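> Kindly return the folded structure for what I paste below:
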Amino acid sequence: MKKLILPYYAKFLVDAEYELKNIAAQNLRVIVKHLESDDIINKITPIIKSIVSDEHAYVRASLASSLLSLAPVLGKKNTNEHILGFFLTLLRDDSPEVRINIFKTFHELTQVLPARYS
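A predicted model of the protein is given here:
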């Protein structure tokens, strides 16, 4: 299934139409359940790098609402290396909707990266 879906999904994430990118970013949470961590790291995170700074706040907000769903799939080490930077960028976004959406999913990050201080 992943061989069928991944190439199309990757194309949707970089489509020139922001509406399609927006819907693809919203569905990241669903797609990652069908992918292995190597596919996410090698094929999805390079695309996410460009979406984090997309000119349309709607696309960034959709990404913010689903980005941290990658954390449980990738695990602690890969989340630190590949996702945390995107998370921090979205936290500093000018759009309140983007910042709100990233905070709404913060619990997914804390499942993988526990607090350093008790």
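> which ones are touching Ala57?
Contacts for Ala57 were tallied using Cβ atoms under 8 Å, 6 or more residues apart in numbering; they are Asp93, Asp94, Ser95, Glu97, Val98. Bear in mind the C-beta positions are built from the backbone N, C-alpha and C, glycine included.
> Now for those, which sits with the most neighbours around it?
When neighbours are taken as other Cβ atoms under 10 Å, the top entry among the contacts of Ala57 is Val98 (24 neighbours).
> Look up how far Ser65 lies from that residue.
Relative to Ser65, Val98 is positioned 9 Å away (Cβ to Cβ, to the nearest Å).
> tell me the two of the contacts of Ala57 that are most distant?
For the contacts of Ala57, the farthest-apart pair by Cβ to Cβ is Asp94 and Glu97; their separation is 10.2 Å.
> Just give me how far the helix or strand of the chain with the lowest mean pLDDT sits from the chain centre.
One helix or strand of the chain scores below all others by mean pLDDT, DSSP states H and E: helix 106-112, with a mean of 85. Its chain's C-alpha centre and that of helix 106-112 lie 13 Å apart, by Cα atoms, centre = their mean, to the nearest Å.
> Does anything pack onto that helix? Which helices or strands?
Counting contacts by 3 or more Cβ pairs under 8 Å, 6 or more residues apart in numbering; DSSP states H and E, helix 106-112 packs against helix 70-82.
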